[in-house]
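Q: Got a sequence here, can you model it:
(4 chains)
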Protein chains: 2
Amino acid sequence: MTEEPQVRKRDAAATRAALLDAAAALFAERGFDRTTVRDIAKLAGANQALLFRYFGSKDALFEEVLARGGREQIATTPPDELLGTALRSMLESDTGRDRTLDAYLRSTGHDSAAAAVRRQLGEEYAKVLATLTDAEDADLRADLILAWLLGIGLVRDITGKEPLASADPDDVCRLVLGAARTLLERSG
Amino acid sequence: MTEEPQVRKRDAAATRAALLDAAAALFAERGFDRTTVRDIAKLAGANQALLFRYFGSKDALFEEVLARGGREQIATTPPDELLGTALRSMLESDTGRDRTLDAYLRSTGHDSAAAAVRRQLGEEYAKVLATLTDAEDADLRADLILAWLLGIGLVRDITGKEPLASADPDDVCRLVLGAARTLLERSG
DNA sequence: GCGGTTTGTAAGCAACTGCTTACAACGCTA
DNA sequence: TAGCGTTGTAAGCAGTTGCTTACAAACCGC
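A: Numbers count the residues shown, from 1 in each chain, chains lettered A, B, ... in the order given. Prediction:
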């Protein structure tokens, strides 16, 4: 995720990508408000003026980070595996895993344009999850599953609460998927 | 929650309380980082220097807001009703309801001392929730329930996602409590 | 090589931030 | 009423913020 500090000579695309990667890393680590454009530029090894040339504003950059990271998983996972896959990718603390969710969760105080991206991202996830049940209120049930996913990420990665924070992913998956199945299957 | 703008003449306790109320309201609405001490003082009808005299720092004020609001409910609710009560109080959009959870959720990017309060608050809730099951991994299951509660608050109040945001509290309670019961009861 | 465009840089601006200080007004006690 | 601690106020400080500007250096077609 973080780029190597090798010298790039006059490569706009690479500089843009480096800024985007650096921004994603810092937003995930500190949230929107506590990340400065100076820090992003420094981590990317670029001049901060370029950040504004390529993205326009810090807001727009944040928007692009969220949009890029969020849509990846949803596009590459079949619906009936989305819940398990999303849950697992959140539970596994791979050093190189995508941290877009952290950026999302750590920036909940920030409104503006990013709120629209956040909402739309939620819509897309929920839409897929809703296909997993044929209950009348499928959309509501999907929202509740989505809420659970986000809540688990919140408690694990932000609050760091034990025992959930360092629980075995298998155990968590078994418990969550079990309860989620009853939520999705019972049509009462 | 907001105080009446009546003139108070030299009443330290009232001024302190007004600052605390104003802070709670603004932190809930905008989160920690996007709330300024000037705004808090202005809403409270007090001078901002008093904020530092009575609370020491913005951080300490935030800590006190979280600690005050969070412990109320937990202290006044019997364990076996805590889940339902907490869920309901979150779902009902009373204008005068306690918005401490919002302050909590909107300030997830903020570390420091408040993180300790946040964690301890979670501990207390989870400890009570853990008494609801006699499964071996009761603490983990309690964490998952807590995560669900927070996630629902996140999706409802912060993201504002439909249909969950304006769903009938009864429907949500029925679905969540149903699934939660299977999570707590099955000892496998 | 030359002109113009693209990429990178340094410096700074104006606004805002948390917090402090120096001081005035008040009210209680003696 | 005089003295004094408490409460309230105005102003400002030093640092940080997002963003802009003016300019230098590299690149490309000719």
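Q: Residue A:77 in helix, strand or coil?
A: Following DSSP: H, G, I helix; E, B strand; the rest coil, the label given to residue A:77 is coil.
Q: Let me know the helix or strand that the residue nearest to it when sequence neighbours are not counted is in.
A: Leaving aside its chain neighbours, residue A:77 sits nearest to residue A:85 (4.9 Å; criterion: C-beta to C-beta, 6 or more residues apart in numbering or on different chains). Where you see a C-beta, it was placed from the backbone N, CA and C, and this is true even at glycine. Assigned by DSSP states H and E, residue A:85 falls within helix A:79-91.
Q: tell me which residues in that helix are buried?
A: A:82, A:83, A:86, A:87, A:90, A:91 (16 or more other C-beta atoms under 10 Å in any protein chain shown).
Q: So which elements touch it?
A: helix A:58-75, helix A:112-130, helix A:138-153, helix A:169-185 (3 or more C-beta pairs under 8 Å, 6 or more residues apart in numbering or on different chains; DSSP states H and E).
Q: Out of those helices, flag the one nearest chain B.
A: helix A:138-153 (2.4 Å; C-beta to the nearest C-beta).
Q: quick one: the closest one near chain B?
A: Yes - applying C-beta under 8 Å from any C-beta of the partner chain, one finds helix A:138-153 in contact with chain B at A:139, A:140, A:141, A:143, A:144, A:146, A:147, A:148, A:149, A:150, A:151, A:152.
Q: List the contacts of the closest residue to residue A:185 other than its chain neighbours.
A: Counting by C-beta to C-beta, 6+ apart, residue A:185 lies nearest to residue A:133, which is 7.1 Å off, once chain neighbours are set aside. Taking C-beta atoms under 8 Å, 6 or more residues apart in numbering or on different chains, we find residue A:133 in contact with A:141, A:142, A:184, A:185, A:187.
Q: Residue A:133 in helix, strand or coil?
A: coil.
Q: go on, residue A:98?
A: coil.
Q: mind showing which ranges of chain A have poor pLDDT?
A: Filtered on pLDDT under 70, chain A yields the residue ranges A:1-8, A:94-96, A:113, A:186-188.
Q: how about the residues of it that lie near DNA strand C?
A: A:8, A:10, A:11, A:12, A:14, A:15, A:46, A:47, A:48, A:49, A:50 (C-beta under 7 Å from any atom of the strand).
Q: Next, count neighbours for residue A:52.
A: Around residue A:52 sit 15 other residues, with neighbours defined as other C-beta atoms under 10 Å in any protein chain shown.
Q: again but with residue A:139, I slipped
A: So residue A:139, with other C-beta under 10 Å, has 19 neighbours.
Q: same question, residue A:177
A: Other residues near residue A:177 come to 12 when the count uses other C-beta under 10 Å.
Q: same deal with residue A:56?
A: Neighbour tally, residue A:56, other C-beta under 10 Å: 12.
Q: what are the phi and psi angles of it?
A: The phi/psi pair for residue A:56 (degrees, to the nearest 10) reads phi 90, psi -50.
Q: picking that back up, put together CSV for the residues of chain A next to DNA strand C, with secondary structure, neighbour count and distance to residue A:100 on each row.
A: Conversion of the residues of chain A next to DNA strand C to CSV gives the following (DSSP: H, G, I helix; E, B strand; the rest coil; neighbours: other C-beta atoms under 10 Å in any protein chain shown; distance: C-beta to C-beta, whole Å):
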residue, secondary structure, neighbour count, distance to residue A:100
A:8, coil, 16, 25
A:10, coil, 6, 30
A:11, coil, 10, 25
A:12, helix, 11, 24
A:14, helix, 15, 21
A:15, helix, 20, 21
A:46, coil, 20, 21
A:47, coil, 13, 25
A:48, helix, 16, 23
A:49, helix, 10, 26
A:50, helix, 16, 23
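Q: Keep these, but drop any that are not near DNA strand D.
A: A:10, A:48, A:49.
Q: ok, of the residues you listed, which one's closest to residue B:68?
A: In terms of C-beta to C-beta, no member of these lies closer to residue B:68 than residue A:48, at 40.3 Å.
Q: pretty sure the closest one is touching residue A:41, no?
A: Yes - here residue A:48 reaches residue A:41: they are 3.7 Å apart, a contact under C-beta atoms under 8 Å.
Q: quick one: the residue nearest to residue A:77 and residue A:123, what's the gap?
A: 19 Å (C-beta to C-beta, to the nearest Å).
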